[in-house]
Structures are given as structure tokens and as C-alpha cells.
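**Student:** give me coordinates for this.
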Amino acid sequence: MTTRGFTGRRQPPEITDRIPPGQTLTDDFPVLSAGPTPRVRTEDWSFTLKDGPKPLIKWSWAEFNALPQTKFTRDIHCVTAWSKLDTPWQGVLIDDIFAEAGIEPPTEFALAHSFDGYATNVPVKDLVGGKAMIATFYNGQPLTADHGGPARLLVPHLYFWKSAKWINGLQFTTRDEPGFWELRGYHVYGDPWREQRYTGD
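**Tutor:** This is a model prediction of the structure:
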């Protein structure tokens with residue numbers, strides 16, 4: 001079966017070198033979620049940074065969007081084997097969130113939490129150094145609910161389930177606590193270049 005937007009045609013080396021093993025290039029932006037799509041109004045949205053159960057700082061939508069804004073273009077890779085190149089995003093770098101909060105990360109690990117109860121674990125080292133952001137725009141437009149709007153975590157160098165949709169907080173944890181998909185057999189880290197799709201990969 002051929003799926004619209006996916007291509008098996010031969011690509012030039014400068015393209016194929018950007019596609020991890022086992023992935024297929026797509027021009028579409030497939031929508032995949034663990035459950036129903038929540039419709040979060042911006043007036044109801046907030047983002048909380050926590051150290052374990054202790055809240056450190058909380059932003060409303062207006063406060064969060066007053067933080068420094070960054071644009072970047074990245075390739076993204078889904079565990080279901082599609083890759084999309086040169087995706088343009090805008091939002092707030094995790095580095096700038098930590099700077100605004102006036103903190104150094106107290107642990108090496110974090111859990112991203114979403115409005116629908118979803119969670120996923122990401123090492124702090126994969127969130128800093130300009131590697132990750134809370135994205136609020138895609139391709140110059142406000143992020144739609146289907147793609148995780150009004151705001152989603154974006155960690156493009158890991159499989160895309162790590163880029164939690166409908167995010168409402170980051171929680172520092174003392175150990176690498178598995179999230180929703182990690183508890184259901186997905187890899188605890190999720191490096192697409194090492195094909196870390198499932199536990200044991």
C-alpha cells in the first residue's frame with residue numbers, strides 16, 4: 001500500500017544522509033496521538049516548572065509568550081518510520097526557560113507533562129544547549145491542536161514521541177522515570193540514528 005506523501009524514490013546523498021535507518025521521507029505531517037485530541041484554550045493554558053513535586057515557577061500563556069522567542073528549522077523523525085525534513089518552528093528554548101526561572105537544573109532527568117495526562121522522560125542534557133524548545137508556532141502559524149497546540153515540547157534529535165504535545169510542565173526527577181510510551185515497551189531514550197524504538201533496541 002502506498003501512503004500519500006511518503007516516497008521511496010531514490011534521493012540525493014545530501015538528503016539520504018539526513019534520514020535515519022529504517023525511516024521513509026514524507027512531505028506530509030502525519031498526526032498520531034495516544035488518545036483524543038484535547039482542545040486547550042490559551043486562557044486556560046499554563047506551564048509549570050517543578051523540582052519533584054515542588055513547583056518552582058508557573059507562567060500563564062501571556063507571560064510565557066513574553067519570554068525570548070527563537071526560530072529554528074529541524075528534521076523530525078517519528079518512531080512509526082516517517083521523517084520530515086526542514087520543519088520550521090518558533091517558541092521558547094528550554095535554556096531560556098531555565099534562565100528566566102533563575103535556576104540550574106537540580107537533577108539530570110526530567111519528565112514532560114501534558115494536559116491529557118501524557119508524560120515522557122527526557123534527560124536534561126537533551127533539553128539544553130539549544131537542542132529543545134517549547135514550540136508555539138509551526139511554519140509561521142500558531143500550532144494547531146492536532147499537532148500539539150497551543151504548545152508542545154520539541155526535541156527533534158529524538159524520536160518524535162519525546163516531543164510531548166499539549167505540554168503544561170517540566171518536572172525534574174532524581175532518576176530516569178519512564179513515561180507513557182516507555183512504560184508500554186518503547187525505548188527509554190529514543191535515538192533515531194540508533195533505531196531505539198523499543199526496549200532492548
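**Student:** just the helices in this protein please.
**Tutor:** All helices of the chain, identified by DSSP state H, fall at 13-16, 61-65, 94-101.
**Student:** can I get the longest strand seen in the chain in PDB? Just the C-alpha atoms.
**Tutor:** Longest strand in the chain by number of residues (criterion: DSSP state E): strand 82-93. Coordinates of each C-alpha in strand 82-93 appear next as PDB, following Å, rounded to 0.1, in the frame of the first residue of the first chain:
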ATOM      1  CA  TRP A  82       8.500   8.600   8.800                       C
ATOM      2  CA  SER A  83      10.900  11.500   8.600                       C
ATOM      3  CA  LYS A  84      10.100  15.100   7.600                       C
ATOM      4  CA  LEU A  85      13.000  17.500   6.800                       C
ATOM      5  CA  ASP A  86      13.400  21.200   7.400                       C
ATOM      6  CA  THR A  87      10.400  21.800   9.700                       C
ATOM      7  CA  PRO A  88      10.200  25.400  10.800                       C
ATOM      8  CA  TRP A  89       9.300  26.100  14.400                       C
ATOM      9  CA  GLN A  90       9.100  29.100  16.800                       C
ATOM     10  CA  GLY A  91       8.900  29.100  20.600                       C
ATOM     11  CA  VAL A  92      10.900  29.400  23.800                       C
ATOM     12  CA  LEU A  93      14.200  27.500  24.200                       C
END
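**Student:** pull out the buried residues from that strand.
**Tutor:** Of all the residues in strand 82-93, those buried under the rule 16 or more other CB atoms under 10 Å are Trp82, Ser83, Lys84, Leu85, Thr87, Trp89, Gln90, Gly91, Val92, Leu93. Quick note: C-beta positions are derived from backbone N, CA and C, even for glycine.
**Student:** could you list every helix and strand in contact with that strand?
**Tutor:** strand 24-26, strand 70-77, strand 133-138 (3 or more CB pairs under 8 Å, 6 or more residues apart in numbering; DSSP states H and E).
**Student:** rounded mean pLDDT for the last one, please.
**Tutor:** Confidence over strand 133-138 (mean pLDDT, whole number) is 98.
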